[in-house]
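Peer 1: just a sequence and a predicted model for now, questions to come.
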Amino acid sequence: SEQAVLVNVGTHALNDESLVFTAVQGFSNTYNYGAKTWGDVDLAGADMIEIGQAGSGTITINSVAIDYGLRTGTVDMSYSFTDGTTTVSGSFNGPFGIINEF
């Protein structure tokens, strides 16, 4: 269950197999849930950046609250990710929902 996954405040290092997709053009295997469309990233046209041996990355969770019963939560977080050439960074402060993969 998702309750077995610890979500702790602090800075967490990403490993060399971590990756991020940018310039995503679309999704496949889509389904609708909560008036939103979810799916798998369509890799055609997207850029994949993997930390690999030359990069590094962190996610910093400033605060998090999760209601597993309602399957919702809020998080204040920032992230930085590089493969040694390209860097992706940003932040998110807001609500999220927990969904099951269908």
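Peer 2: Received, thanks.

Peer 1: how about low-confidence regions in the chain?
Peer 2: Low-confidence segments of the chain (pLDDT under 70): 101-102.

Peer 1: how near is Glu2 to Phe92?
Peer 2: 18 Å (CB to CB, to the nearest Å). All C-beta spots, glycine's among them, are computed from the backbone N, C-alpha and C.

Peer 1: tell me the contacts of the residue nearest to the spatial centre of the chain?
Peer 2: Nearest to the geometric centre of the chain sits Val20, at 8.3 Å (CA atoms, centre = their mean). Neighbour list for Val20: 48-49, 81, 88 [criterion: CB atoms under 8 Å, 6 or more residues apart in numbering].

Peer 1: can you check Leu43 too?
Peer 2: Leu43 touches Phe21, counting by CB under 8 Å, 6+ apart.

Peer 1: quick one: which of the contacts of Val20 is nearest Gln25?
Peer 2: Met48 (12.9 Å; CB to CB).

Peer 1: do I have it right that that closest one meets Leu19?
Peer 2: Yes - with contact defined as CB atoms under 8 Å, Met48 counts as touching Leu19 (5.7 Å).

Peer 1: quick one, which of these two is more surrounded?
Peer 2: Set side by side, Met48 and Leu19 show more neighbours around Leu19, with 15 against 12, by other CB atoms under 10 Å.

Peer 1: what about that one, distance to Ala46?
Peer 2: 11 Å.

Peer 1: can you pull out the strands in this protein?
Peer 2: 10-13, 19-22, 27-33, 36-41, 47-50, 56-67, 72-82, 87-97 (DSSP state E).

Peer 1: so what's His12 bridging to?
Peer 2: Ile59 (DSSP bridges).
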